[in-house]
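Student: Please find the sequence and the predicted model below.
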Amino acid sequence: MEQTYIMIKPDGVQRGLVGEIIKRFEQKGYKLVAMKLTSPGEEHMKKHYADLSSKGFFAGLIAYMTSGPVVAMVWEGKNAVAEGRKMLGATMPSESAMGTIRGDYCIEVGRNICHGSDAVESAKKEIALWFPEGVTSWSSCESSWVYE
Ligand code: UDP
Ligand code: MG
């Protein structure tokens, strides 16, 4: 089963959207295998967004992402990476379909409330960065009702 790294950004936490975002992943049928509320600081966040370090918005992005705690999570299930991205919506909230998390709850790209891994390889890297202690594997009693 695939795993994806999903993070509720500081604005999502401040705006009380933690439960709503978790609810959507739970109700879809994905399985939560790791979660913590954390304020990891600038160095850690620069590692997380290392691929974007040359972008003009990088300094602002790091300031935004270190402005308060985030909720770091790993969700597991079939096609969790690609499906998770669909559930978040487009990077630009103005291009996110209604019904997606970003489409429903935010307006600007620099306050787009959630992060999701964009590929299986980046998910592996992000999970290792945020959960060096590892995730918790468990079997869910609903799995035979979610998967055929
Ligand atoms: N971002 C921004 N301005 C931009 C593009 C991105 O502030 O023009 C921020 C935004 O918060 C986005 C994050 O940088 O979620 C990471 O960008 P990426 O292209 O990886 O988008 P994502 O994978 O989050 O959809
Ligand atoms: Mg990205």
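Tutor: The structure has been received and is ready for your questions. Residues are numbered from 1 along each chain as shown. Ligands and ions are numbered 1, 2, ... in the order given.
Student: can you pull out the helices in the chain?
Tutor: Taking DSSP state H, the helices of the chain run over residues 10-14, 18-28, 42-48, 58-65, 80-88, 101-105, 120-130, 143-146.
Student: Return the per-residue confidence for the residue lying closest to Ser53 once chain neighbours are set aside.
Tutor: Spatial nearest neighbour of Ser53, chain neighbours left out: Lys46 (7.0 Å); criterion: CB to CB, 6 or more residues apart in numbering. Glycine gets a C-beta too; all of them are placed from N, C-alpha and C. The model reports Lys46 with a pLDDT of 98.
Student: any idea how far ligand 1 is from Lys46?
Tutor: Separation of Lys46 from ligand 1 (CB to the nearest ligand atom, to the nearest Å): 13 Å.
Student: In contact with Val70, which residues?
Tutor: Applying CB atoms under 8 Å, 6 or more residues apart in numbering to Val70 gives the contacts 7-10, 13, 37-40.
Student: Model confidence for the closest residue to Asp104 other than its chain neighbours, exactly?
Tutor: Closest residue to Asp104 apart from its sequence neighbours, by CB to CB, 6+ apart: Met98 at 6.4 Å. Note for Met98: predicted pLDDT of 98.
Student: residues near Met98, how many?
Tutor: Met98 has 7 neighbours, counted by other CB atoms under 10 Å.
Student: Ok, Met87 next?
Tutor: 22.
Student: Close to ligand 1: what parts of this protein are there?
Tutor: Counting by CB under 6 Å from any ligand atom, the chain comes close to ligand 1 at 52, 57, 61, 91, 109-110, 112, 115, 118.
Student: Quick one: which of those is the most crowded by neighbours?
Tutor: Result: Asn112 is most packed of those (other CB under 10 Å), 23 neighbours.
Student: Next up, phi/psi of that one, please.
Tutor: phi -100, psi 20 (degrees, to the nearest 10).
Student: Might one say that it is in contact with Ala90?
Tutor: No: contact criterion CB atoms under 8 Å: Asn112 and Ala90 do not qualify, at 9.1 Å.
Student: Many thanks, I have nothing further to ask.
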